[in-house]
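**Student:** Below are the sequence and a predicted model; questions follow.
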There are 2 protein chains.
Amino acid sequence: MTDTPAWMSPKGRPWQRANAQRVFENHWISVTTYDAVAPTGRPAHYGLVHMKSRAIGVLPIFEDGRVLLVGQHRFTFSKYSWEIPEGGGRFDEAPEDAARRELKEEAGLEAAQLIPAMQFDLSNSVTDEHGFGYIAIGLTETQDAPDDTEDLALARVPFREALDLATGGAITDMITVAMLLRAYHMAREGGLPRLLADAMMECAISPTDQGARSR
Amino acid sequence: MTDTPAWMSPKGRPWQRANAQRVFENHWISVTTYDAVAPTGRPAHYGLVHMKSRAIGVLPIFEDGRVLLVGQHRFTFSKYSWEIPEGGGRFDEAPEDAARRELKEEAGLEAAQLIPAMQFDLSNSVTDEHGFGYIAIGLTETQDAPDDTEDLALARVPFREALDLATGGAITDMITVAMLLRAYHMAREGGLPRLLADAMMECAISPTDQGARSR
């Protein structure tokens, strides 16, 4: 992690918690209420959504500068969503191992190299979901093994096209938006192999829809 | 929104929901369970965390290329977090209005211009939280009016320093990480005024901690 400058040191009092009450639990989350005291001293009642896994996102970039996206129906928004391969990582496994598993299960790919690209707190007003993002390069196809609740479509898309869709509002999954922007930043700042960065930046928008296939 | 290419059209069947049961509710969220059917046809039990407001993030960029960050204790992670001004937007108000309110309440700033920068689904496996990000420019100081559960510190930081902290793992709030990367992208691609972009890219890391103040 980057050294933190002095101005980042914590100010004031932290939140205080008491009277934890578990009000809901399933396989993926638990919800607990607390009688809390805010840093200002004001009493508050807080409901915390605890996530039982880490969020893992992997952006696969091929040598020709295209990226792999996964299409699926999302229960939470009742909509179809194009995203990078994502999934849950157990707290007792290395995030890299979870990333390699999701890359294989969702995209049918193995990577010669996983480049750590970001860590993030997804929604810190209500949940404690923490996650890790990786860029996968040196890709080879393998046997895919999708989860039996997942009906996934795959598309190989020029990097610039995916980035334009994310910044234009057609791709809205936050991990995907942030990881495409991070890949742009790394390509520009020397964080990716030069030939790959050149391919990502030069790759034109495909005039056909050959990138998509269902499975 | 960007025109969506043909390959993005939905494939397969959507999720089906039945037997909605409200299991928890407070001022900010509700939790509802469903008997669902996955796109593969497999039955599933789903717990959905509904957010009662939109997530709004505003990145204020001063003419000299510095950005304003807000420091606060976060209940959800029991840690201190530096972030851009953020808050909840009601569904019955324009996201821009919520952004201007948060900018004023948290940062004590008014903006001549709010530039729409991104839309995002924050955590789409369990929650339906949708949000909007803006870049605020043409800034002037106003009277701040912080929420009485908020004890905020403010820091004006060179853009490059904030970006390095976000990509290096010292700033982890996802809206902040993504918005700093988006600002980099816009500065590089002509999406911000030229003089401002130059100031952001040239701004050196400050050798002192003069940027921070408490209130």
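**Tutor:** The structure has been received and is ready for your questions.
**Student:** show me what contacts A:Arg54?
**Tutor:** Shown in contact with A:Arg54 (Cβ atoms under 8 Å, 6 or more residues apart in numbering or on different chains): A:Gly88, A:Gly89, A:Arg90, A:Phe91, A:Pro95, A:Ala98, A:Glu129, A:His130, A:Gly131, A:Phe132. Any C-beta I mention is one placed from the backbone N, CA and C, and that applies to glycine too.
**Student:** Could you rerun that using 6 Å?
**Tutor:** With Cβ atoms under 6 Å, 6 or more residues apart in numbering or on different chains as the criterion, the residues that contact A:Arg54 are A:Gly89, A:His130, A:Gly131.
**Student:** now swap in A:Asn124 and tell me
**Tutor:** B:Arg74, B:Thr76, B:Asp173.
**Student:** got a list of what A:Leu69 touches?
**Tutor:** If a contact means Cβ under 6 Å, 6+ apart, then A:Leu69 has A:Trp82, A:Ala155, A:Val157 as its contacts.
**Student:** The first one bridge partners, please.
**Tutor:** Each beta-bridge partner of A:Trp82 is listed here, defined by DSSP bridges: A:Gly71.
**Student:** and it, what does it touch?
**Tutor:** Contacts of A:Trp82 by Cβ under 6 Å, 6+ apart are A:Leu69, A:Gly71, A:Ile171, B:Met8.
**Student:** For those, pick the one with the most neighbours.
**Tutor:** Tallying neighbours with other Cβ atoms under 10 Å in any protein chain shown puts A:Leu69 at the head of the contacts of A:Trp82, with 29 neighbours.
**Student:** wait, is that residue part of a strand?
**Tutor:** Yes. Counting by DSSP: H, G, I helix; E, B strand; the rest coil, A:Leu69 is part of a strand.
**Student:** what's the weakest-modelled helix or strand in chain A?
**Tutor:** When the helices and strands of chain A are scored by mean pLDDT, DSSP states H and E, strand A:212-214 comes last with a mean of 43.
**Student:** and the contacts of A:Asn124 near chain A, which?
**Tutor:** Filtering these for neighbours of chain A using Cβ under 6 Å from any Cβ of the partner chain leaves B:Arg74, B:Thr76, B:Asp173.
**Student:** Need the pLDDT of A:Gly71.
**Tutor:** Listed pLDDT for A:Gly71 reads 96.
**Student:** Tell me how far it lies from B:Arg188.
**Tutor:** From A:Gly71 across to B:Arg188, the span is 29 Å (Cβ to Cβ, to the nearest Å).
**Student:** What are the phi and psi values at A:Asp64?
**Tutor:** Main-chain torsions, A:Asp64, degrees, to the nearest 10: phi -80, psi 10.
**Student:** how about the nearest residue to it once chain neighbours are set aside, secondary structure?
**Tutor:** In this structure, A:Asp64 finds its nearest non-sequential neighbour in A:Ala199, 5.7 Å apart by Cβ to Cβ, 6 or more residues apart in numbering or on different chains. Under three-state DSSP, A:Ala199 falls in the helix class.
**Student:** Give the other helices and strands that the host helix or strand of A:Ile115 contacts.
**Tutor:** Assigned by DSSP states H and E, A:Ile115 belongs to strand A:109-121. For strand A:109-121, the elements it packs on are helix A:95-107, strand A:130-141, judged by 3 or more Cβ pairs under 6 Å, 6 or more residues apart in numbering or on different chains; DSSP states H and E.
**Student:** Please name whichever of these is nearest to chain B.
**Tutor:** With Cβ to the nearest Cβ, the closest approach to chain B among those belongs to strand A:130-141: 7.5 Å.
**Student:** returning to that earlier point: can you tell me which of the contacts of A:Asn124 lies nearest to B:Asp3?
**Tutor:** Of all the contacts of A:Asn124, B:Asp3 sits closest to B:Asp173, with 31.5 Å by Cβ to Cβ.
**Student:** Spit out the contact partners of the closest one.
**Tutor:** Neighbouring residues of B:Asp173 by Cβ under 6 Å, 6+ apart: A:Asp121, A:Asn124, B:Ser81, B:Glu83.
**Student:** got a pLDDT number for the closest residue to it other than its chain neighbours?
**Tutor:** Spatially, and ignoring its direct neighbours in sequence, B:Asp173 is nearest to B:Glu83 (4.3 Å; Cβ to Cβ, 6+ apart). The model reports B:Glu83 with a pLDDT of 98.
**Student:** What are the neighbouring residues in contact with B:Glu83?
**Tutor:** Taking Cβ under 6 Å, 6+ apart, we find B:Glu83 in contact with B:Val70, B:Asp173, B:Thr176.
**Student:** quick one, helices of chain A?
**Tutor:** Assigned by DSSP state H, the helices in chain A fall at A:95-107, A:159-168, A:174-189, A:194-202.
**Student:** could you dump the ones you listed to JSON lines with mean neighbour count?
**Tutor:** Formatted as JSON lines, the helices of chain A follow (neighbours: other Cβ atoms under 10 Å in any protein chain shown):
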{"stretch": "helix A:95-107", "mean neighbour count": "21"}
{"stretch": "helix A:159-168", "mean neighbour count": "22"}
{"stretch": "helix A:174-189", "mean neighbour count": "24"}
{"stretch": "helix A:194-202", "mean neighbour count": "16"}
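**Student:** related to what we said a few turns ago, distance to chain B and mean pLDDT for the helices and strands packed on strand A:109-121 - can I get that in a markdown table?
**Tutor:** Below are the helices and strands packed on strand A:109-121 laid out as a markdown table (distance: least, Cβ to the nearest Cβ, whole Å; pLDDT from 0 to 100):
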| stretch | distance to chain B | mean pLDDT |
| --- | --- | --- |
| helix A:95-107 | 12 | 96 |
| strand A:130-141 | 8 | 97 |
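**Student:** And these: which comes nearest A:Ala36?
**Tutor:** For A:Ala36, the closest of those is strand A:130-141, at 20.4 Å, according to Cβ to Cβ.
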